[in-house]
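**Student:** build me a model from this:
(one chain, ligands or ions: 1)
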Amino acid sequence: MAVVNTFPVLDALNIIAREDATLVDALADLNPLSLERAVDELRQAKSIFVLGAGRSGLALRMTAMRLMHLGLTVHIVGEVTTPAIGREDLLLVASGSGTTEALVRSARTAIDVGATVITLTTATKSPLANISSVLIEVPAAEKLDRAATKSVQYAGSLFEQAVVTIGDAFFHSLWMRSGQSADDLWPRHANLE
Ligand SMILES: O=C([C@H](O)CO)[C@H](O)[C@H](O)COP(=O)(O)O
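**Tutor:** Below you'll find the model as predicted:
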């Protein structure tokens, strides 16, 4: 790539905002039933476990906090206090590639014990996608996709933004159904921060 002297931040913001809006339109075409099923499964699960590596995992941690605000029992896989997953539980996984080995292994364990696995991924034919109970295709670039047809942003950035947005949409949908006010939710927010 050629060095350029300037690239206005507002231009970058516009590029990202446009990519995010296009992705939401594509999501609506690809996944309405999967998105609704995911919300139903999240509502019914005894405990929700969230799992992702790198930035995908960081994005899902934001969803984990919001689900906790709703009063749901949520665990982040890898934390020392996270218990064993069981039959009535749900594993929510985000992996752009769908091939990150530790995630595929954990998803297999979850399926083996009878838990539900919801996967957000760009790769619908990946090992992770193949074993998932609910598959949400995110039409974004995967981290090694250099074609710039789906995104001009670096690596899996568009996917990771989508994970945050879809997680917030899960939360919002569940919150609107829950009958709880913002004041009902707030006392659950961390008071040790
Ligand atoms: O951190 C990541 C990287 O910065 C890509 O933008 C990825 O999220 C991490 O490598 C995990 O990969 P995936 O399982 O393919 O999401």
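**Student:** okay, now whatever residue of the chain ends up closest to the ligand: neighbour count?
**Tutor:** The chain approaches the ligand most closely through residue 54 (2.2 Å), counting by CB to the nearest ligand atom. Every residue, glycine included, has its C-beta placed from N, CA and C. By the measure other CB atoms under 10 Å, the count of residues near residue 54 is 15.
**Student:** pLDDT at it, what is it?
**Tutor:** At residue 54, the pLDDT value in this model is 98.
**Student:** same check on residue 148?
**Tutor:** 88.
**Student:** any chance you could map the helices in this protein?
**Tutor:** Applying DSSP state H to the chain gives helices spanning 9-30, 32-44, 54-69, 101-112, 127-131, 157-178, 182-185.
**Student:** for stretch 175-188, list every residue counted as buried.
**Tutor:** For stretch 175-188, a neighbour-count test (16 or more other CB atoms under 10 Å) marks 175, 185 as buried.
**Student:** next one: stretch 119-139
**Tutor:** Buried residues in stretch 119-139 (16+ other CB under 10 Å): 119-124, 126-129, 131-139.
**Student:** just the CA trace of it, in PDB.
**Tutor:** What follows is stretch 119-139, C-alpha atoms only, in PDB (Å, rounded to 0.1, in the frame of the first residue of the first chain):
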ATOM      1  CA  THR A 119     -22.700 -19.400  16.700                       C
ATOM      2  CA  LEU A 120     -22.000 -16.100  15.100                       C
ATOM      3  CA  THR A 121     -19.600 -16.500  12.200                       C
ATOM      4  CA  THR A 122     -18.800 -15.500   8.600                       C
ATOM      5  CA  ALA A 123     -18.000 -19.100   7.700                       C
ATOM      6  CA  THR A 124     -21.100 -21.100   7.300                       C
ATOM      7  CA  LYS A 125     -19.200 -24.200   6.200                       C
ATOM      8  CA  SER A 126     -16.600 -24.100   9.000                       C
ATOM      9  CA  PRO A 127     -16.200 -26.800  11.700                       C
ATOM     10  CA  LEU A 128     -17.800 -24.600  14.300                       C
ATOM     11  CA  ALA A 129     -20.800 -23.800  12.000                       C
ATOM     12  CA  ASN A 130     -21.300 -27.500  11.300                       C
ATOM     13  CA  ILE A 131     -21.800 -28.500  14.900                       C
ATOM     14  CA  SER A 132     -23.900 -25.500  16.000                       C
ATOM     15  CA  SER A 133     -27.600 -25.700  17.000                       C
ATOM     16  CA  VAL A 134     -28.300 -22.200  15.800                       C
ATOM     17  CA  LEU A 135     -26.100 -20.600  13.100                       C
ATOM     18  CA  ILE A 136     -26.100 -16.900  12.500                       C
ATOM     19  CA  GLU A 137     -24.200 -16.000   9.300                       C
ATOM     20  CA  VAL A 138     -22.600 -12.600   9.600                       C
ATOM     21  CA  PRO A 139     -21.800 -11.300   6.100                       C
END
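**Student:** average pLDDT for that stretch?
**Tutor:** 98.
**Student:** nearest residue to the residue positioned nearest the centre of the chain other than its sequence neighbours?
**Tutor:** The chain has residue 163 as the residue nearest its centroid, 3.8 Å off, counting by CA atoms, centre = their mean. Spatial nearest neighbour of residue 163, excluding adjacent residues (CB to CB, 6 or more residues apart in numbering): residue 59 at 3.9 Å.
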